[in-house]
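Enquirer: below: sequence and its predicted model.
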Amino acid sequence: MAERRYWNEAMETIDPNRLWRLEDERLRWQLRWIWERSPLYRQKWEEAGVDPLSIGRGSLHELPFTVKDEIRRSQEKAPPLGEHACVPLTEVVKIHASSGTTGRPTLIGVSAADAAMWNEVLARFFWATGVRPGTRSWVAVSLGWYIAGLGFYDALQAMRATVLPSSNTEAARTFSVLQETGVDYMVSSPSFVNYLANFARERLNLDPKSLGLKSMSLGGEPGAGFPEIRQQIEETWGCKVYDAMGTADFVPVIWSECEAQDGMHFLGQGAVIVEFIDPETGEPVEPKEGMLAEIVYTAIQRECVPLVRFRIGDLVRIEGTGVCSCGRTGTRIRCVGRADDMFIVQGVNVFPSAVADVITSFRPRTTGEFQIHLPATGTRVDPPVPIVVAYGPEAGDLDQLKQELQEAIRMKLIFRADIRLVPHEELAPTGSLKRKVIVRGDA
Ligand SMILES: [Zn+2]
């Protein structure tokens, strides 16, 4: 029997017109579901003067955006899940908490049907990156409140992969177990795999390549999609690295690369609608290769906490819109960064991920770790922008390195940086899943 190429061929290779009709049908169901159950959306749509029951796929853009702050306020008003929750707590099978930047966690409820939908979309993601029944799959993300961990665990188990649930703790024990079991695949974040690689080499005298991983998927922060960072991680671990992205409010992974590694495919067909909008005007745009756009998500298969036109703040570049060499039809993107993380130097928009790519290209003279120091508030920064960079084991002359880094940033990113080099211990990954690359206020 020929090897099955997709988890769900009908969805992953769907023709755009058929997808549109499917989205229209499910959107109409979802809007009625919400209208009848959510005080938040009922009030919101009444105030906007729109009739959600007359809205279809072609008129979705007539509904107002939803933003994170509304969800936070909705939860404060009607704890625990908020006025956007559409099922009673007795029908909620699990509750996750995402760490809000403002301190108070955002809670996300999942019904049994929602959990099944997650398993379906996540199985498409895992399959696209090489996971099959029996694949020994290392889940190296937090298995607690964090939405992705248990979601990955459930989906891998449902597709009969062999789960190795290390979570993000006990690195020494993890390596010891993995040497016994062997491991084929890993899902984690770029910061955390760098931490693990350092730990293995420095504390255990273990070469990460010796584990024999065939592939890994990395998400939670931009990184794996940048050529220099990807290359560094692939060399360190001796395996393919796939970029992945999702969101706590919809599905932990909605986008993933396939074996072609040519941008992340949309894999949420039938569960989520993605709109691309102009970040300045908020108007929907037709995705075209090379275009920079912001993404907006709408749930169309969600019972518990469905969000409509959720403006999450992720900026992406469109990599491809046609059929990929793998046969999948989902639009391909690269994450450029969060709109919140962008800063502007003399009219030039800069994302920390682009800085990361330049600094990583200097390995092993740098370690790839850095911090950008910005003023306490605002996005506009006067040059030179202070950037602290950790120098690597083969740094050579530090003055020379500083000059070269500044020159590379000026050439590639068109802004002036003031580089300060520090020993790698000062910025070494600490074992958290995301690194803090922007420091505000104390520059
Ligand atoms: Zn593909």
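Expert: Everything's here; your move. Residues are numbered from 1 along each chain as shown.

Enquirer: in stretch 327-339, what's buried?
Expert: Of the residues in stretch 327-339, 328-339 count as buried by neighbour count, 16 or more other CB atoms under 10 Å. Every C-beta, even on glycine, is put in place using the N, C-alpha and C of the backbone.

Enquirer: also near the ion: which of the residues you listed, exactly?
Expert: residue 328 (CB under 5 Å from the ion).

Enquirer: quick check, nearest of the buried residues of stretch 327-339 to the ion?
Expert: Nearest to the ion out of the buried residues of stretch 327-339 is residue 328 (CB to the ion; 4.6 Å).

Enquirer: show me the contacts for the residue of the stretch 101-250 of the chain found nearest the ion.
Expert: Closest to the ion within the stretch 101-250 of the chain is residue 128: 7.4 Å, counting by CB to the ion. Listed by CB atoms under 8 Å, 6 or more residues apart in numbering, the contact set of residue 128 reads 6-7, 12, 242, 256-259, 265, 267, 326, 328.

Enquirer: over to residue 140?
Expert: 166-168, 174, 186-188, 192-193, 196.

Enquirer: swap the cut-off to 6 Å and go again
Expert: 166, 186, 188 (CB atoms under 6 Å, 6 or more residues apart in numbering).

Enquirer: out of those, which is nearest to residue 251?
Expert: Within these, the smallest distance to residue 251 is 17.9 Å, found for residue 188 (CB to CB).

Enquirer: ramachandran coordinates for that closest one?
Expert: In terms of degrees, to the nearest 10, the main-chain angles of residue 188 are phi -160, psi -160.

Enquirer: ok, for it, nearest residue in space, not its chain neighbours?
Expert: For residue 188, ignoring the flanking residues on the chain, the nearest one in space by CB to CB, 6 or more residues apart in numbering is residue 140 at 3.9 Å.

Enquirer: strands of the stretch 301-443 of the chain, start to end?
Expert: Under the criterion DSSP state E, counting those that start in this stretch, the stretch 301-443 of the chain contains strands at 310-320, 332-338, 343-345, 348-350, 366-374, 380-381, 385-391, 417-422, 438-440.

Enquirer: residue 131 against residue 162, yeah?
Expert: No: using CB atoms under 6 Å, residue 131 makes no contact with residue 162, being 9.9 Å away.

Enquirer: picking that back up, how about TSV for the strands of the stretch 301-443 of the chain, with distance to residue 237 added?
Expert: Converted to TSV, the strands of the stretch 301-443 of the chain look like this (distance: least, CB to CB, whole Å):
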stretch	distance to residue 237
strand 310-320	24
strand 332-338	21
strand 343-345	32
strand 348-350	29
strand 366-374	14
strand 380-381	35
strand 385-391	20
strand 417-422	26
strand 438-440	27
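
Enquirer: and residue 441, what is it in contact with?
Expert: Residue 441 touches residue 376, counting by CB under 6 Å, 6+ apart.

Enquirer: do you know how far residue 433 is from residue 242?
Expert: According to CB to CB, to the nearest Å, residue 433 stands 17 Å off from residue 242.

Enquirer: can you check residue 298 too?
Expert: 26 Å.

Enquirer: number of residues surrounding residue 193?
Expert: Around residue 193 there are 22 other residues, counting by other CB atoms under 10 Å.

Enquirer: identify all contacting residues around the regular element (helix or strand) spanning it.
Expert: In the assignment (DSSP states H and E), residue 193 maps to helix 190-204. Here helix 190-204 makes contact (CB under 6 Å, 6+ apart) with 171, 175, 206, 208, 218, 223-224, 236, 429, 431, 433-435.

Enquirer: ok, stretch 354-363 next?
Expert: 226, 228-229, 232, 366, 368, 370, 389, 408-409, 412-413.

Enquirer: stretch 262-276 now?
Expert: Contacts for stretch 262-276 (CB under 6 Å, 6+ apart): 11, 14, 19, 22-23, 117, 121, 124-125, 243, 245, 250, 254-258, 284-285, 287, 293, 295-298, 300-301, 319-320, 328, 330-334.

Enquirer: what ranges does the stretch 101-250 of the chain have for its strands?
Expert: 106-111, 136-139, 162-164, 185-188, 215-218, 240-245.

Enquirer: deepest-packed of those strands, please.
Expert: Each of those was assessed for mean neighbour count using mean count of other CB atoms under 10 Å. The highest is strand 185-188, with a mean of 27.

Enquirer: mean confidence score for that strand?
Expert: Averaged across strand 185-188, pLDDT comes to 98.

Enquirer: list of residues touching that strand?
Expert: Residues contacting strand 185-188 (CB under 6 Å, 6+ apart): 131, 135, 137-141, 152, 213, 215-218.

Enquirer: sheet partners, orientation included, of it?
Expert: Strand 185-188 has the following strand partners under DSSP bridges: strand 136-139 (parallel), strand 215-218 (parallel).
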